[in-house]
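Student: Here's a sequence, model it:
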Amino acid sequence: MSIVEEFPAAARRLTEFEALVAAAPTVLDAIPGAVYICDHEGWLVRYNAEAAALWGQSPSADDHRHRFCGSHALFLPDGTPLAHAVCPMATAVFAGTTTRNAEVVMERPDGSRVTALVNIRALKDHNGRIQGAINCFQDISAHKELEETIQQKTADLEDFFENSA
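Tutor: Okay, here's the model as predicted:
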(Lines give C-alpha, C1' and ligand atoms only; values in the text may rest on other atoms or scores of the structure.)
Protein backbone atom coordinates (compact mmCIF):
# COMPACT_ATOMS: atom_id res chain seq x y z
CA MET A 1 0.00 0.00 0.00
CA SER A 2 1.32 3.42 -0.85
CA ILE A 3 0.29 6.82 0.31
CA VAL A 4 -0.18 9.24 -2.53
CA GLU A 5 -0.68 12.86 -1.72
CA GLU A 6 -2.10 15.21 -4.28
CA PHE A 7 -0.47 18.61 -4.63
CA PRO A 8 -2.72 21.49 -3.70
CA ALA A 9 -4.43 23.04 -6.72
CA ALA A 10 -2.46 26.26 -6.24
CA ALA A 11 0.83 24.38 -6.63
CA ARG A 12 -0.32 22.64 -9.83
CA ARG A 13 0.86 24.29 -13.03
CA LEU A 14 -2.14 25.49 -15.07
CA THR A 15 -2.38 24.67 -18.75
CA GLU A 16 -2.72 27.51 -21.26
CA PHE A 17 -6.43 26.71 -21.66
CA GLU A 18 -7.06 26.68 -17.90
CA ALA A 19 -5.16 29.94 -17.41
CA LEU A 20 -7.03 31.71 -20.22
CA VAL A 21 -10.45 30.53 -19.03
CA ALA A 22 -9.66 31.39 -15.40
CA ALA A 23 -8.32 34.87 -16.21
CA ALA A 24 -10.42 37.95 -15.58
CA PRO A 25 -12.47 39.10 -18.61
CA THR A 26 -10.36 42.24 -18.84
CA VAL A 27 -7.29 40.15 -19.67
CA LEU A 28 -8.62 39.24 -23.12
CA ASP A 29 -9.80 42.82 -23.66
CA ALA A 30 -6.21 44.00 -23.08
CA ILE A 31 -5.08 42.09 -26.19
CA PRO A 32 -4.86 44.43 -29.20
CA GLY A 33 -6.88 42.27 -31.54
CA ALA A 34 -9.92 40.05 -31.67
CA VAL A 35 -9.51 36.85 -29.64
CA TYR A 36 -11.75 33.96 -28.70
CA ILE A 37 -11.38 30.55 -27.11
CA CYS A 38 -13.33 27.35 -27.74
CA ASP A 39 -13.33 24.24 -25.56
CA HIS A 40 -12.44 20.71 -26.73
CA GLU A 41 -15.90 20.30 -28.28
CA GLY A 42 -15.75 23.63 -30.11
CA TRP A 43 -18.12 25.58 -27.86
CA LEU A 44 -17.32 29.26 -27.50
CA VAL A 45 -16.17 29.84 -23.91
CA ARG A 46 -14.43 33.25 -23.89
CA TYR A 47 -13.95 36.19 -26.23
CA ASN A 48 -12.97 39.83 -26.05
CA ALA A 49 -14.86 43.00 -27.00
CA GLU A 50 -12.99 43.34 -30.29
CA ALA A 51 -14.16 39.88 -31.38
CA ALA A 52 -17.76 40.77 -30.52
CA ALA A 53 -17.45 44.00 -32.52
CA LEU A 54 -16.22 42.12 -35.61
CA TRP A 55 -18.94 39.48 -35.24
CA GLY A 56 -21.58 42.18 -34.80
CA GLN A 57 -22.93 40.40 -31.73
CA SER A 58 -22.03 39.30 -28.21
CA PRO A 59 -22.90 35.60 -27.94
CA SER A 60 -23.72 34.19 -24.52
CA ALA A 61 -21.27 31.48 -23.38
CA ASP A 62 -24.19 29.17 -22.55
CA ASP A 63 -25.88 29.77 -25.91
CA HIS A 64 -25.18 26.55 -27.80
CA ARG A 65 -25.77 28.11 -31.21
CA HIS A 66 -22.17 29.35 -31.34
CA ARG A 67 -19.81 26.53 -32.01
CA PHE A 68 -16.32 27.16 -33.45
CA CYS A 69 -16.99 30.90 -34.02
CA GLY A 70 -19.22 33.77 -32.92
CA SER A 71 -19.99 34.97 -36.43
CA HIS A 72 -23.40 34.53 -38.03
CA ALA A 73 -21.93 32.75 -41.09
CA LEU A 74 -18.54 32.03 -42.64
CA PHE A 75 -17.34 32.10 -46.24
CA LEU A 76 -14.13 31.42 -48.13
CA PRO A 77 -12.57 34.48 -49.83
CA ASP A 78 -14.17 33.47 -53.15
CA GLY A 79 -17.65 33.58 -51.55
CA THR A 80 -18.12 29.83 -51.09
CA PRO A 81 -20.01 29.12 -47.85
CA LEU A 82 -17.84 27.60 -45.13
CA ALA A 83 -19.68 25.49 -42.58
CA HIS A 84 -18.64 26.20 -39.01
CA ALA A 85 -18.12 22.42 -38.52
CA VAL A 86 -15.25 22.41 -41.06
CA CYS A 87 -13.76 25.87 -40.41
CA PRO A 88 -10.14 26.27 -39.23
CA MET A 89 -11.23 26.42 -35.57
CA ALA A 90 -12.95 23.04 -35.93
CA THR A 91 -9.80 21.46 -37.36
CA ALA A 92 -7.75 22.95 -34.51
CA VAL A 93 -10.12 21.60 -31.86
CA PHE A 94 -10.46 18.12 -33.33
CA ALA A 95 -7.12 17.52 -35.05
CA GLY A 96 -4.76 20.04 -33.45
CA THR A 97 -4.14 21.72 -36.81
CA THR A 98 -2.58 25.17 -36.64
CA THR A 99 -3.78 27.85 -39.06
CA ARG A 100 -1.62 30.88 -39.81
CA ASN A 101 -2.74 33.99 -41.70
CA ALA A 102 -5.72 32.39 -43.44
CA GLU A 103 -8.42 34.62 -44.88
CA VAL A 104 -12.03 34.00 -43.91
CA VAL A 105 -15.09 36.13 -44.61
CA MET A 106 -17.40 36.54 -41.62
CA GLU A 107 -21.01 37.57 -41.98
CA ARG A 108 -22.73 39.51 -39.21
CA PRO A 109 -26.39 39.11 -38.23
CA ASP A 110 -27.19 42.31 -40.19
CA GLY A 111 -25.77 40.75 -43.39
CA SER A 112 -22.62 42.89 -43.55
CA ARG A 113 -19.35 41.05 -44.09
CA VAL A 114 -15.74 41.51 -43.04
CA THR A 115 -12.65 39.71 -44.27
CA ALA A 116 -10.54 38.47 -41.39
CA LEU A 117 -7.02 37.14 -41.15
CA VAL A 118 -7.16 34.25 -38.67
CA ASN A 119 -4.43 32.63 -36.60
CA ILE A 120 -5.56 29.57 -34.69
CA ARG A 121 -3.83 26.95 -32.58
CA ALA A 122 -4.87 24.15 -30.29
CA LEU A 123 -4.42 24.51 -26.54
CA LYS A 124 -3.19 21.25 -25.02
CA ASP A 125 -2.86 19.91 -21.52
CA HIS A 126 0.44 18.70 -20.04
CA ASN A 127 -0.10 15.27 -21.63
CA GLY A 128 -0.70 16.66 -25.11
CA ARG A 129 -4.49 16.25 -25.13
CA ILE A 130 -6.43 19.06 -26.81
CA GLN A 131 -8.42 21.10 -24.29
CA GLY A 132 -9.57 23.72 -26.78
CA ALA A 133 -8.17 26.27 -29.19
CA ILE A 134 -7.56 29.99 -29.48
CA ASN A 135 -8.16 32.25 -32.46
CA CYS A 136 -6.53 35.66 -32.81
CA PHE A 137 -7.96 37.48 -35.81
CA GLN A 138 -8.14 40.92 -37.37
CA ASP A 139 -10.29 42.74 -39.88
CA ILE A 140 -8.43 43.16 -43.19
CA SER A 141 -11.43 44.36 -45.21
CA ALA A 142 -9.84 47.75 -45.96
CA HIS A 143 -6.66 46.04 -47.19
CA LYS A 144 -8.69 43.72 -49.43
CA GLU A 145 -10.61 46.67 -50.94
CA LEU A 146 -7.35 48.51 -51.63
CA GLU A 147 -5.87 45.36 -53.18
CA GLU A 148 -8.89 45.02 -55.49
CA THR A 149 -8.67 48.70 -56.48
CA ILE A 150 -4.99 48.35 -57.35
CA GLN A 151 -5.67 45.19 -59.39
CA GLN A 152 -8.45 46.95 -61.30
CA LYS A 153 -6.31 50.03 -62.02
CA THR A 154 -3.43 47.79 -63.16
CA ALA A 155 -5.77 45.90 -65.48
CA ASP A 156 -7.14 49.22 -66.84
CA LEU A 157 -3.60 50.50 -67.52
CA GLU A 158 -2.56 47.27 -69.23
CA ASP A 159 -5.70 47.44 -71.38
CA PHE A 160 -5.00 51.09 -72.25
CA PHE A 161 -1.44 50.41 -73.35
CA GLU A 162 -2.35 47.27 -75.29
CA ASN A 163 -5.17 48.97 -77.18
CA SER A 164 -3.89 52.55 -77.51
CA ALA A 165 -1.98 51.91 -80.73
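Student: Count the residues that sit near the closest residue to Leu20 other than its chain neighbours.
Tutor: In this structure, Leu20 finds its nearest non-sequential neighbour in Ile37, 5.6 Å apart by Cβ to Cβ, 6 or more residues apart in numbering. From N, CA and C alone the C-beta is placed, and that goes for glycine too. Number of residues near Ile37 (other Cβ atoms under 10 Å) recorded here: 23.
Student: Surely Ile37 touches Asn48?
Tutor: No - using Cβ atoms under 8 Å, Ile37 is not in contact with Asn48, being 9.8 Å away.
Student: so where do the helices sit in this protein?
Tutor: Ranges of helices within the chain are 16-22, 25-29, 49-55, 88-95, 141-163, based on DSSP state H.
Student: Of all the ones you listed, which one is nearest Thr80?
Tutor: helix 88-95 (14.4 Å; Cβ to Cβ).
Student: which residues sit against the closest one?
Tutor: For helix 88-95, contacts defined as Cβ atoms under 8 Å, 6 or more residues apart in numbering pick out 38-42, 68-69, 84, 97-99, 102, 104, 118, 120-122, 130, 132-133, 135.
Student: Report the buried members of those.
Tutor: When burial is judged by neighbour count using 16 or more other Cβ atoms under 10 Å, the buried members of the contacts of helix 88-95 are 38-40, 42, 68-69, 84, 99, 104, 118, 120-122, 130, 132-133, 135.
Student: got the contact list for the most centrally placed residue in the chain?
Tutor: With distances taken as Cα atoms, centre = their mean, the residue of the chain nearest its centroid is Asn135 (3.5 Å). Contacts for Asn135 (Cβ under 8 Å, 6+ apart) come out as 35-38, 69, 88-89, 92, 118-120.
Student: mind redoing it with 6 Å?
Tutor: Contacts for Asn135 (Cβ atoms under 6 Å, 6 or more residues apart in numbering) come out as 36, 89, 118, 120.
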